[in-house]
Each structure stands twice: as structure tokens, then as C-alpha cells.
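In: coordinates for the following, if possible.
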Amino acid sequence: MSKKFFALGSICAATMVVTACGGGGGDTPPVAATPLAPTTNLTGSVVKGPVGNATVTAKKPDGTACGTTATNATGQYDFTTSCTGDLIIEVVGGFYLDEATNLSKLLDAPLRSVVSATGGTVNSVVTPLTSMAYSYAFTSSNAATKAAFDAQAAKIATQFGLNGVNLSTALPVISGTTNAYGNALKGISQYLRDNPAQTLTALTTATLKTALDTARFSTSYTAAFNKINNTNVTFSFDGTAFSITGTGAGGGSGTCGISQKGSLSNFGIVVPINFDYCVSGLVGSCDVGNQALNQSLSSQGQTAGVNLTTSYSSVCAPGAIAIAVK
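Out: The predicted model follows:
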């Protein structure tokens, strides 16, 4: 009997220990651990030739810093971030060997690209062409999205004869056996040398925003590209890569097709002009007497003058440059 009593007491004692250690029904369930945000490895190269010792910063569109590093001597960078979503890659400072002058130069304008950070490794090449895509994709009324950047980058690539080239992932080769992307950047270096009044900042932010600018740049860049690459090709920038808005009395539903033909002299070269516009949002008629129409053309640097003939039509020409009148 004593042995049975002892065994029963042992079982009860064990039961009491379990209860005392939290086995009762009133316990608080354990809190699930919060999953960590994915870490993204950001890698790439900065090229105008390769830009060494430049500061590379990743940031959200609202300016939140998401990590920084410096490029090595060949322009490469590599760092990680815990930020997610669309991120701007911004490059400032550093030095590169200029292809047109063969001199070491300070990078005097910020270069930018855009990536989507979702974990893993994301590669992004940063060049003057990606910076142009950044500038034309993002305005005060346009959110900084990777999708908007990619759309403009594809258009910029086409304008520079780089059909099918992904500007933010393809690596430009600017020495030895160069590639088309590298030749385009060499052309930009020669263009800036031949046109000292222009700057890299102006080129990547404003140069091609009007139709007149595209005519001038077509001539100047063609000459520069052929000089440095020893080629004989022609570039014709038509402005379709960029968002153009005209000023005037907008708010209407009228549309007017305008054709301007003529020529201008640029750096001693006569450039033929043949621009077609499609102006929408007009109030009033489609003719020379519509003040809003005239203002929209004037905002693009185009006015009917001694070297230009202008015609008006209710039908827009295929591929015409779109202008939305405000």
C-alpha cells in the first residue's frame, strides 16, 4: 500500500509542476516574430568614361536615404539596403577620363538611374542617358516610379540609335572594341567639347525639351558622333521621347495639326526643319488667328517666320509631336 501511495503522490507532484510552469488555460499565446524586410544588394557601374571615387547613394523618391558607397577606380559600386520599392540611384563627384580630350575630369553633374528593390541582387548602370530618362520621366506632377523611368529609357535608347538596349543594365564599352552604347557616350563627350556653351547638366535635363532644340542637337550630335567614332551616320531627334506642354487658353476639346517647314543655320551647317505637331485642348479654331495655338508653338521655340512656313489642318500627321495646351 505504501508503494502505491508513493507512486500516486509522484504523479500528482508532476502534475502540480506542469500547472505551475504555465500549463493552465489562462496563458498568453506567444507573439509571432515580425519578418525582416528583404535586403537588396545594389551593384552596377557609373560610366561617362568609368567614374572613379564617386559617391553613390540610394534613396526613396521622398528623399529617404537608403545607403551609400563609393565607386572603385573602374566605376563599379556594390552595397546593400534594407529599403524596398522603387529607389533612385544618384551619383555625384568622382573623376573620369574624358574620351574627347583624353583628360581626367570631375563629374560636375549628378547622374541618376532608378531600380526596384525587392531582395536579391539588382544591377543598375548609371550614365548620362539614364539621367536623361530620369529627368524626362519625373516631373513635379509625375511620381518617381521604375515603370515611368523604364518607359522613357526605352525612348531615349531609340533616339540614340540603341534600339533594344536596356540603358540601365547594358554596360557601355568605351575603349578598345567599343559597343554602340559606348560610342553614344563618346559622342556626348565630343558634343560637349565642341559646344562649350552646353553643360552636362543642361544636356541631361533640358536640352531636348523643345522641337527647336532637337533640330540643333540632331546636327551637333551627329557631327560630334561621327568625329569621335570615325563614322558617317545621321541622328534625327524628333522629340517624341519627351513630355511637351504648351501654354495658352486650354480646357477645350479642339485639336489642330500643324506642319512647319524651313531651315536654320547651326554651327555653320544648314539644318532642314520639318516638324509636325498635334495640339490638343484648344478653345477656338485651328488657324493662325488662334492665340492659344500660337502660344503653344512659341513655348516650343517655334514661330512662323521668314525661314518657316506653317500650315494648319484639322487632322494631325502620323507621328506628330503632341502638345497639350494648358
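In: what about stretch 180-197, average pLDDT?
Out: In this model, stretch 180-197 has an average pLDDT of 94.
In: buried residues in that stretch?
Out: Residues of stretch 180-197 classed as buried: 180-195 (neighbour count, 16 or more other C-beta atoms under 10 Å). C-betas here are computed from N, CA, C, even on glycine.
In: let me know the closest of those residues to T57.
Out: Of all the buried residues of stretch 180-197, L185 has the smallest distance to T57: 22.0 Å, by C-beta to C-beta.
In: which phi and psi does the nearest residue to that closest one once chain neighbours are set aside have?
Out: Among residues not flanking L185 along the chain, P172 sits closest, at 5.3 Å (C-beta to C-beta, 6 or more residues apart in numbering). Main-chain torsions, P172, degrees, to the nearest 10: phi -70, psi 140.
In: what about P172, distance to I228?
Out: P172 sits 14 Å away from I228, going by C-beta to C-beta, to the nearest Å.
In: isn't the residue nearest to L185 up against I188?
Out: No - using C-beta atoms under 8 Å, P172 is not in contact with I188, being 10.6 Å away.
In: what number of residues lie near V115?
Out: 22 (other C-beta atoms under 10 Å).
In: tell me which helix or strand it sits in.
Out: Per DSSP states H and E, V115 falls inside strand 111-117.
In: OK, contacts around the residue nearest to the spatial centre of the chain?
Out: For the chain, the residue nearest the mean C-alpha position is Y134 (2.3 Å; C-alpha atoms, centre = their mean). Y134 is in contact with I88, R112, S113, V114, F149, Q152, T204, counting by C-beta atoms under 8 Å, 6 or more residues apart in numbering.
In: which one of those is nearest G246?
Out: For these, the nearest to G246 is Q152 (20.0 Å; C-beta to C-beta).
In: for the closest one, what are its contacts?
Out: Going by C-beta under 8 Å, 6+ apart, Q152 touches M132, A133, Y134, Y136, A137, A241.
In: many thanks, have a good one.
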